[in-house]
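**Student:** Here is the input, now give the coordinates:
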Amino acid sequence: MVRPADSSKWQFYSNDKLKTQSLLEWGVTSMPLHDVVVLRLGYAVSQHEWDVYQRTDRSPHQIQVAMSAADARELSTQLLLYAELLDMPPDITPNGG
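**Tutor:** Residues are numbered from 1 along each chain as shown. Next comes the predicted model:
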């Protein structure tokens, strides 16, 4: 794992491992009257919650985040960048480094 540049904004376990949840589902919509894009993330924090989701098709937790169109574009750019880095062969590093 590459540690984020500003790690003060991230949560880590005591062994320096990044804390994460399991993404179960996501959705996107817009609210034109408010000029925002809304991102919905459904997630599980345990194996039991994952198992329940498999049976019920309902996320035990979710967050809905409103953002400007500019922020949505920036987020999509960042997601694409990191996804493409994961697709690179392990012996190749960005910027020839």
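**Student:** all helices of the protein, in order?
**Tutor:** Using DSSP state H, the helices found in the chain span residues 47-56, 69-87.
**Student:** for the protein, what are the low-confidence residue spans?
**Tutor:** 1-5, 91-97 (pLDDT under 70).
**Student:** if we go to 50?
**Tutor:** The model of the chain has pLDDT under 50 over residues 97.
**Student:** hey, where'd the strands end up in it?
**Tutor:** Assigned by DSSP state E, the chain shows strands spanning 22-31, 36-44, 61-67.
**Student:** okay, those strands in CSV with mean neighbour count next?
**Tutor:** Using the backbone N, CA and C atoms, a C-beta is placed for each residue, glycine as well. As requested, these are exported to CSV (neighbours: other Cβ atoms under 10 Å):
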stretch, mean neighbour count
strand 22-31, 12
strand 36-44, 17
strand 61-67, 13
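**Student:** Next, format the helices of the chain as CSV and append mean neighbour count and distance to residue 25.
**Tutor:** Formatted as CSV, the helices of the chain follow (neighbours: other Cβ atoms under 10 Å; distance: least, Cβ to Cβ, whole Å):
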stretch, mean neighbour count, distance to residue 25
helix 47-56, 12, 8
helix 69-87, 11, 16
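**Student:** Confirm for me that residue 62 is in contact with residue 40.
**Tutor:** Yes - assessed by Cβ atoms under 8 Å, residue 62 is found in contact with residue 40 at 6.0 Å.
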